[in-house]
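> here is the input, now give the coordinates:
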Amino acid sequence: MRAEDVLPDQQNQGQFNGVTVRKGTVGAFLANARLWLDETSSGAERSGAERDILDSLPALHALGLFDIVQVRDAALRELVSPSGK
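The predicted structure follows:
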């Protein structure tokens, strides 16, 4: 399966397990996770990244991302777990 099979070029969002998921959600999560984990990030950058990560969790869980991929960092794993923040 290719990306365009999931969301065609002209489509920017889709319904997955009853949740609207925007194209780019997984990519944005990865960028925010890198920023959140980067020790050189400022407090404001980390706070913004954390907020964006938390906002994306319903979509990421609806996609089943964490059923397939395990987060290596313990603190980030806790943040994204269903019982996290």
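
> and the strands in the protein, which stretches?
Counting by DSSP state E, one finds strands in the chain at the ranges 13-16, 19-22.

> direction included, what does the first one pair up with?
For strand 13-16, the pairing partners within the sheet under DSSP bridges are strand 19-22 (antiparallel).

> relative to D5, how far out is the closest residue in space to F66 that isn't next to it in sequence?
Once flanking residues are discounted, F66 sits nearest to V80: 6.2 Å by C-beta to C-beta, 6 or more residues apart in numbering. For every residue, glycine as well, the C-beta is placed using N, CA and C. Per C-beta to C-beta, to the nearest Å, V80 is found 26 Å from D5.

> looking at the two, which has the bigger crowd around it?
Neighbours per residue, other C-beta atoms under 10 Å: of V80 and D5, the larger number sits with V80, 20 against 7.

> what residues are up against that one?
Residues in contact with V80 (C-beta atoms under 8 Å, 6 or more residues apart in numbering) are I53, L57, L60, F66, V71.

> what's the closest of the residues you listed to N12?
Distance to N12 across those (C-beta to C-beta) is lowest for L60, with 17.0 Å.

> I'd say that closest one and T25 touch.
Yes - counting by C-beta atoms under 8 Å, L60 does reach T25; the two are 6.7 Å apart.

> lovely, talk soon.
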